[in-house]
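Asks: Sequence and predicted structure below; questions after.
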Amino acid sequence: MRDWHRFCRAKELEVDDNTVRVRFPNGRTQQVRVELTPDGYRLVSTVMRSNAVETFIASACVDGERDLSLRILQCNRAAPLVGFRWSRDNRILAETHVPTAGLSNDEFELYLRRVAQEADRLEHLLTGQDRN
């Protein structure tokens with residue numbers, strides 16, 4: 001068992017190896033990957049996979065790539081604790097870093113749920129889907 005697994009005991013958190021599926025009261029779900037860093041954990045969730053990004057860009061009326069970039073920028077300004085970025089493999093990701101020094105169960109869950117909520121929110125705004 002990884003150290004962080006002990007923080008994921010709530011019934012709406014389903015742990016599988018290095019990922020946690022967060023279930024929301026509205027029935028939607030979001031998967032968050034937990035990666036170990038030298039001083040903590042990196043929590044990452046996919047907002048849009050590359051094929052959905054390509055579809056979004058292709059369906060835009062004007063400049064889909066610019067529109068998507070502006071939406072990501074706006075979310076970065078508005079979402080506390082979470083950052084959004086465009087990955088090298090053309091996915092949109094939501095992520096945060098959680099330091100392990102003094103980390104409590106409540107704090108880890110706060111970060112985990114925040115990444116899942118913000119990723120799910122942006123995914124819904126951009127695609128209307130619940131894929132990740």
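Replies: Looks like it came in fine.
Asks: Against residue 21, how distant is residue 42?
Replies: 18 Å (Cβ to Cβ, to the nearest Å). Yep, even glycine has a C-beta here, placed from its N, CA and C like the rest.
Asks: what packs against the helix or strand bottoming out on mean pLDDT in the chain?
Replies: Every helix and strand in the chain was compared by mean pLDDT, DSSP states H and E; the lowest is helix 50-59, with a mean of 76. Applying 3 or more Cβ pairs under 8 Å, 6 or more residues apart in numbering; DSSP states H and E, one finds that helix 50-59 contacts helix 64-78, helix 105-127.
Asks: And the last one, what's buried?
Replies: Same thing as helix 105-127. 108-109, 111-123, 126-127 (16 or more other Cβ atoms under 10 Å).
Asks: Repeat that for the first one.
Replies: Residues of helix 64-78 classed as buried by neighbour count (16+ other Cβ under 10 Å): 64, 68, 71, 72, 75.
Asks: How about stretch 79-96?
Replies: 79, 82, 84, 86, 91, 92, 93, 94, 95, 96.
Asks: which residues sit against that stretch?
Replies: The contact list for stretch 79-96 (Cβ atoms under 8 Å, 6 or more residues apart in numbering) reads 42-50, 53-54, 68-69, 72, 75-76, 110-111, 114-115, 118-119, 122, 126.
Asks: run the last query once more with 6 Å
Replies: Stretch 79-96 has contacts (Cβ atoms under 6 Å, 6 or more residues apart in numbering) with 43-50, 53, 72, 75-76, 111, 114-115, 118-119.
Asks: Next, the distance between the ends of it.
Replies: 11 Å (Cα to Cα, to the nearest Å).
Asks: what about it, distance to the chain center?
Replies: Offset of stretch 79-96 from its chain centre (Cα atoms, centre = their mean, to the nearest Å): 7 Å.
Asks: And the helices and strands packed on helix 50-59: which comes nearest residue 33?
Replies: Nearest of the helices and strands packed on helix 50-59 to residue 33, taken as Cβ to Cβ: helix 105-127 at 9.6 Å.
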